[in-house]
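**Student:** I need the structure of the sequence given here:
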Amino acid sequence: MKFTQTFEITQWEQAAYDETGTIQLGRATVGKTFTGNDLDGTSAAELLMVGTTDGPAAYTAVERFTGTLGGRKGSFVMLHGASADQTSSPGKIVAAEGDLAGLTGTIVYEHDEQGARVTVDYELP
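**Tutor:** Sure, this is the predicted structure:
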């Protein structure tokens, strides 16, 4: 099943952990809220980021969603990331539990003039 849904970023706590030279390495703890028919709940993510004097260069994230997907309760973990030259952030569902055990699929995050949204393409056993 595939759907696209908006979400809201509710937390962003960012700090640098290596500022050597002109390249900065940082991490951010990010919280999101998803409200909709397909995905309803919250997520917590840890992002590792690269920044340069020209701006953001890349990030990678591990994110756990907790709530309901397609009416089934549980949680699942996504791995996603992108470089600054990409217009979207593709990822994959890598683990799931509860009524979502066995969940597989892909995700794509997008942030642009249309807002923040995620596309989820998944299969449940």
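**Student:** nearest spatial neighbour of residue 38, chain-adjacent residues omitted?
**Tutor:** In space, residue 38 comes closest to residue 3 once its chain neighbours are excluded; the distance is 4.4 Å by Cβ to Cβ, 6 or more residues apart in numbering. Just so you know, the C-beta spots here come from the backbone N, C-alpha and C atoms, and that holds for glycine as well.
**Student:** for the helix or strand where that neighbour lies, what is the average pLDDT?
**Tutor:** Taking DSSP states H and E as the criterion, the element that holds residue 3 is strand 2-6. The pLDDT scores in strand 2-6 average 96.
**Student:** CA-only coordinates of that strand in CSV, if you can.
**Tutor:** Once non-C-alpha atoms are left out, strand 2-6 reads as follows in CSV (Å, rounded to 0.1, in the frame of the first residue of the first chain):
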residue,chain,number,x,y,z
LYS,A,2,1.3,3.5,-0.8
PHE,A,3,0.3,6.9,0.5
THR,A,4,1.6,10.4,1.1
GLN,A,5,1.0,12.3,4.2
THR,A,6,2.0,15.6,5.9
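**Student:** which stretches in the chain count as strands?
**Tutor:** 2-6, 8-18, 24-34, 39-52, 55-69, 72-83, 89-98, 104-112, 115-123 (DSSP state E).
**Student:** rewinding a little: what's near enough to touch the residue nearest to residue 38?
**Tutor:** 38-39, 119-120 (Cβ atoms under 8 Å, 6 or more residues apart in numbering).
**Student:** at 10 Å instead, please
**Tutor:** Residue 3 makes contact with 36-39, 69-70, 118-122 under the criterion Cβ atoms under 10 Å, 6 or more residues apart in numbering.
**Student:** which of the residues in stretch 33-47 are buried?
**Tutor:** 34, 38-43, 45, 47 (16 or more other Cβ atoms under 10 Å).
**Student:** can you pick out the most distant pair from those?
**Tutor:** When the buried residues of stretch 33-47 are compared pair by pair using Cβ to Cβ, the two farthest from each other are 38 and 47, 23.8 Å apart.
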